[in-house]
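# Structure here, sequence nowhere to be found:
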């Protein structure tokens, strides 16, 4: 029929126009020169355990000097000893400073100045300090929302504030914000946690626009569930619905996650993901995020539709889990 032919022709023109626009936009993307970590000063918050410690190890293996920031002094000392085993030369140093990065901006600025006085300007800041709590929205205490926003969001704002001026003056630097896949899609039980991880992306996008002319690049990492002490602690009180939804994806090793985050941040990529599911989520939630390459832009245009369909299948399955749990709970209450 004529109208079908017209629709197909219009669709073809639209796709061609979109591809040409992406090609044009891609030509405007300037990829940064990869950063070398040999001799670089890397500051890692939350560096005494989990992903933070693994990131410190990975950077140390590449010849970096490390400053670890965390609250627990004894765990910092243990982490320092473990990281030092991976030295590639006898000049490398690991220093650790006990501080709560979420409580007071002035304190954070003071300890980072202390770190810079010893090891030089910060070349890379990795914000790993974080915590989580699960629970239904109305059952969580207001203090839970306040604490998570303080640790997960302000605990990244304060260290970034402490290094950004010097990075801009030196016309170089990397800042990494470790978010979560729960910072890309909101999930049952994570009303307090997801909000803080979503906030990091907004901060990162705005900050990247400010600092890109100074050759400073921001990376937001979206790791999946990772086998860390924090994850183990979270599982002790995790709601059934949340646990069942989480089981749809495998649990990753912190060493694997750390390697990907450092690789992407060295390259100056804005978004860092792990695994197939993580890659799909990156495409689906790309929105107005900065593009790192023409290939990334093309993939977003070509795969968005298909990934959207797959994503809706996941959401439908998660909704089904929630409904089944609700029905089971109601039956149990009636029986009691």
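Sure thing, it's come through. Quick caveat: nothing in here was measured; it's all calculated off a predicted structure.

# Going by C-alpha atoms from here, please, whenever you check contacts or count neighbours.
OK.

# And residue 186, how close does it get to residue 225?
Distance of residue 186 to residue 225, computed by Cα to Cα, to the nearest Å: 14 Å.

# Averaged over its residues, which helix or strand of this structure has the lowest pLDDT?
Scoring the helices and strands of the chain by mean pLDDT, DSSP states H and E places helix 2-28 at the bottom, with a mean of 56.

# Show me the helices in the stretch 151-300 of the chain, by range?
Ranges of helices in the stretch 151-300 of the chain, per DSSP state H, counting those that start in this stretch, are 155-170, 191-211, 229-235, 240-246, 254-267, 275-284, 294-335.

# how about residue 269, what does it touch?
Contact analysis of residue 269 by Cα atoms under 8 Å, 6 or more residues apart in numbering lists 217-219, 292.

# From residue 34, how far out is it?
The value you get for residue 269 to residue 34, if Cα to Cα is used, is 10 Å.

# swap in residue 318?
39 Å.

# pLDDT score assigned to residue 169?
The model reports residue 169 with a pLDDT of 98.

# What of residue 199?
For residue 199, pLDDT reads 98.

# try residue 35
At residue 35, the model reports a pLDDT of 95.

# Double-check it against residue 267; I have them as touching.
Yes. The pair residue 35 and residue 267 passes the contact test of Cα atoms under 8 Å, sitting 6.7 Å apart.

# Throw the helices of the stretch 151-300 of the chain into a markdown table and include distance to residue 51, thanks.
Output for the helices of the stretch 151-300 of the chain, formatted as a markdown table (distance: least, Cα to Cα, whole Å):
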| stretch | distance to residue 51 |
| --- | --- |
| helix 155-170 | 15 |
| helix 191-211 | 16 |
| helix 229-235 | 10 |
| helix 240-246 | 18 |
| helix 254-267 | 5 |
| helix 275-284 | 16 |
| helix 294-335 | 26 |
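
# Can you lay out those helices as TSV showing mean neighbour count and distance to residue 181?
As requested, the helices of the stretch 151-300 of the chain are exported to TSV (neighbours: other Cα atoms under 10 Å; distance: least, Cα to Cα, whole Å):
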stretch	mean neighbour count	distance to residue 181
helix 155-170	19	17
helix 191-211	19	9
helix 229-235	14	14
helix 240-246	17	11
helix 254-267	20	13
helix 275-284	17	7
helix 294-335	14	13
